[in-house]
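> Provided below are the primary sequence and the corresponding predicted coordinates.
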Amino acid sequence: MAIETMDAHDEETPFVVDASETETPRNRTRDVHILSCAFLLVFLAYGAAQNLETTVNSEGNLGTVSLGILYVSFAISSLFASLVVRVLGSKKAVVLGTTGYWLYIAANLKPTWYTMVPASVYLGFTASIIWVGEGTYLTSIARTHARDTKLHEGTVIGNFNGEFWAMFALHQFVGNLITLAVLQGGAEGSTSNTSLLFIVFLCSMTLGTILMCFLRKTDDKEEKVSADSSVSFCSAVASRLKSVITPLLDIRMLLIIPLIAYSGLQQAFVWADYTKDVVNPTLGEAGVGGAMAVYGAFDAICSLVAGRLTSGLRSITIIVCGGAFFQAVIFLWLLLKYSATSGVLGIIYPLLMAALLGIGDGVLNTQLSALLALLFKHDTEGAFAQLKVWQSSAIAVVFFLSSAITMQTMVVIMLAAIFVSLVSFLFLTLKLERAFS
């Protein structure tokens with residue numbers, strides 16, 4: 001690709017540039033591989049640390065409260081994240097986003113209210129940037145790849161999302177295996193072992209950030225605010241705020257929001273309630289890493305398979321219903337039949353639950369991303385901002401409520417959320433099917 005003069009706000013040239021004059025479709029698959037591996041390196045550290053927060057930083061509920069603050073900040077920042085991504089460009093946005101995760105892990109080396117709370121607030125901001133940037137970048141390169149190779153756009157979006165979310169889901173598997181290996185080597189709750197673990201995580205995040213610098217810029221001409229634009233910055237802010245509000249006037253987004261919120265609820269349930277009330281009583285603190293590794297493995301496998309099977313709205317509908325069914329089975333089991341047992345069954349039951357919960361999460365991650373990319377082609381940033389606003393708001397609610405309500409009450413809330421989100425989603429699919437029939 002020829003190197004041309006770019007204005008001040010254009011993406012910087014990547015550190016490694018191909019010698020070829022033209023960009024082949026293979027370059028776009030290369031970007032998916034790089035993005036996926038970089039996110040794996042960053043989030044294997046953050047994901048494993050998040051799983052430990054409620055147990056490692058349990059004094060004064062520091063871990064739970066800091067996570068709640070984090071996701072409140074995430075929700076608020078997501079309202080403006082699309083503007084920041086538009087100004088910076090999606091590549092620079094994902095690189096900037098890693099700084100918050102790095103600072104949060106560093107704060108865990110000396111966890112106090114004075115380190116964890118500011119780090120949580122800043123991570124909430126950068127998390128909104130990295131996720132809107134990721135969704136925008138991945139959708140843009142998928143469309144470019146589909147256009148260059150003359151493939152069906154929905155299929156390419158599904159494949160790219162499948163690969164990304166499969167690699168991303170592996171962060172639970174890899175990160176928790178590292179946790180298990182490091183923490184098992186010392187005494188329960190050993191401070192030195194915990195510090196060593198967080199240092200390893202910081203190294204992993206640094207490698208992920210470096211890898212992101214090798215991403216190529218997207219071809220989306222509307223991605224950034226040009227320096228020569230006659231539109232003032234204030235007008236740009238007003239325009240992006242309008243783009244955040246506008247999707248809420250779209251009936252399609254309103255019908256998707258319950259499913260988005262449920263995706264956040266089920267993730268937070270796993271992090272806050274499943275690990276504390278199901279795994280810890282039977283497998284102990286060290287067993288949390290093993291159970292979450294199983295969760296991550298099935299999440300990754302399901303993400304890859306679901307992405308490959310995605311071709312359009314009908315396939316998305318079938319896959320979402322299947323994933324919701326698996327999770328509903330677990331919630332009914334917890335509500336009606338489950339009780340902690342000893343022996344082999346005491347080990348198998350939590351791991352089986354982890355597997356089915358991971359399948360459901362893999363389905364929701366891939367299908368929500370594909371659905372938003374298909375339905376909101378002309379406002380990708382705004383759509384993915386809505387995804388993170390509602391998802392992170394739901395997660396924050398669970399973290400703040402988990403210490404105040406019983407797990408049985410939380411399970412009832414989860415079952416109600418599944419019902420409402422599925423009814424709303426199925427109504428949307430019927431409405432769209434009729435529109436195109």
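Thanks, I have the structure now.

> going forward, measure contacts and count neighbours with C-alpha atoms only.
OK.

> so the residue lying closest to Val270 once chain neighbours are set aside, which of the three states?
In this structure, Val270 finds its nearest non-sequential neighbour in Leu357, 7.9 Å apart by CA to CA, 6 or more residues apart in numbering. Taken by DSSP: H, G, I helix; E, B strand; the rest coil, the conformation at Leu357 corresponds to helix.

> Now do the buried residues in the helix ranked longest in the chain.
Ranked by residue count and defined by DSSP state H, the top helix of the chain is helix 113-149. For helix 113-149, the neighbour count (16 or more other CA atoms under 10 Å) marks 115-146 as buried.

> Contacts for stretch 278-295 next, please.
Stretch 278-295 has contacts (CA atoms under 8 Å, 6 or more residues apart in numbering) with 48, 51, 55, 172-177, 179-180, 183-184, 188, 275, 340-342, 346-347, 350-351, 354-359.

> now do 7 Å
172-174, 176-177, 179-180, 184, 275, 340, 346-347, 350-351, 354-355, 357-358 (CA atoms under 7 Å, 6 or more residues apart in numbering).

> coming back round to it: next structured bit after the longest helix of the chain?
The element immediately downstream of helix 113-149 (helix or strand, assigned by DSSP states H and E) is helix 153-184.

> Can I get the host helix or strand of Ile395 in PDB? Just the C-alpha atoms.
In the assignment (DSSP H and E), Ile395 maps to helix 380-401. What follows is helix 380-401, C-alpha atoms only, in PDB (Å, rounded to 0.1, in the frame of the first residue of the first chain):
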ATOM      1  CA  THR A 380     -21.100   1.300  14.200                       C
ATOM      2  CA  GLU A 381     -19.600   3.400  17.000                       C
ATOM      3  CA  GLY A 382     -23.000   4.400  18.400                       C
ATOM      4  CA  ALA A 383     -24.300   0.900  18.300                       C
ATOM      5  CA  PHE A 384     -21.200  -0.600  20.100                       C
ATOM      6  CA  ALA A 385     -21.400   2.300  22.600                       C
ATOM      7  CA  GLN A 386     -24.900   1.300  23.400                       C
ATOM      8  CA  LEU A 387     -23.700  -2.300  23.900                       C
ATOM      9  CA  LYS A 388     -21.200  -1.300  26.500                       C
ATOM     10  CA  VAL A 389     -23.500   1.200  28.300                       C
ATOM     11  CA  TRP A 390     -26.200  -1.300  29.000                       C
ATOM     12  CA  GLN A 391     -23.800  -4.300  29.500                       C
ATOM     13  CA  SER A 392     -21.600  -2.500  32.000                       C
ATOM     14  CA  SER A 393     -24.600  -1.000  33.800                       C
ATOM     15  CA  ALA A 394     -26.000  -4.400  34.300                       C
ATOM     16  CA  ILE A 395     -22.600  -5.700  35.600                       C
ATOM     17  CA  ALA A 396     -22.400  -2.800  38.000                       C
ATOM     18  CA  VAL A 397     -25.800  -3.600  39.400                       C
ATOM     19  CA  VAL A 398     -24.900  -7.200  40.200                       C
ATOM     20  CA  PHE A 399     -21.600  -6.200  41.900                       C
ATOM     21  CA  PHE A 400     -23.400  -3.700  44.200                       C
ATOM     22  CA  LEU A 401     -26.300  -6.200  44.900                       C
END
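
> for that helix, packing partners?
In this structure, helix 380-401 packs against helix 62-88, helix 113-149, helix 251-268, with contacts taken as 3 or more CA pairs under 7 Å, 6 or more residues apart in numbering; DSSP states H and E.

> and those helices, which one is worst for confidence?
Least confident of these, judged by mean pLDDT, is helix 62-88 with a mean of 84.

> by how many degrees do the helix or strand that it is followed by and helix 62-88 diverge?
On the C-terminal side of helix 62-88, the closest following helix or strand by DSSP H and E is helix 90-107. If you take axes from the mean of the first three to the mean of the last three CA atoms, to 10 degrees, helix 90-107 sits at 160 degrees to helix 62-88.

> Residues contacting helix 90-107, please?
Here helix 90-107 has contacts from 46, 85, 115-116, 119-120, 122-123, 126-127, 129-130, 133-134, 136-137, 198, 202, 205, 209, 212, 215, 217, using CA under 7 Å, 6+ apart.

> repeat that with 6 Å
The contact list for helix 90-107 (CA atoms under 6 Å, 6 or more residues apart in numbering) reads 85, 115-116, 119, 122-123, 126-127, 129-130, 133, 137.

> Can you give me the neighbour number for Ser339?
Ser339 is flanked by 11 other residues according to other CA atoms under 10 Å.

> and it, what are its phi and psi?
Dihedral pair for Ser339: phi -150, psi 140, per degrees, to the nearest 10.

> repeat for Lys377
phi -60, psi -30.

> packing partners for the host helix or strand of Ser421?
Element membership of Ser421, judged by DSSP H and E, is helix 407-436. Contacts defined by 3 or more CA pairs under 6 Å, 6 or more residues apart in numbering; DSSP states H and E place helix 407-436 against helix 251-268.

> Next, the angle helix 380-401 makes with the helix it packs on.
Helix 251-268 runs at 40 degrees relative to helix 380-401, counting by the same axes, to 10 degrees.

> now do the same end-to-end measure for stretch 106-114.
End-to-end span of stretch 106-114 (CA to CA, to the nearest Å): 13 Å.

> Can I get the helices and strands packed on helix 380-401 in a markdown table including distance to Phe39?
Shown next, in a markdown table, are these (distance: least, CA to CA, whole Å):
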| stretch | distance to Phe39 |
| --- | --- |
| helix 62-88 | 17 |
| helix 113-149 | 9 |
| helix 251-268 | 18 |
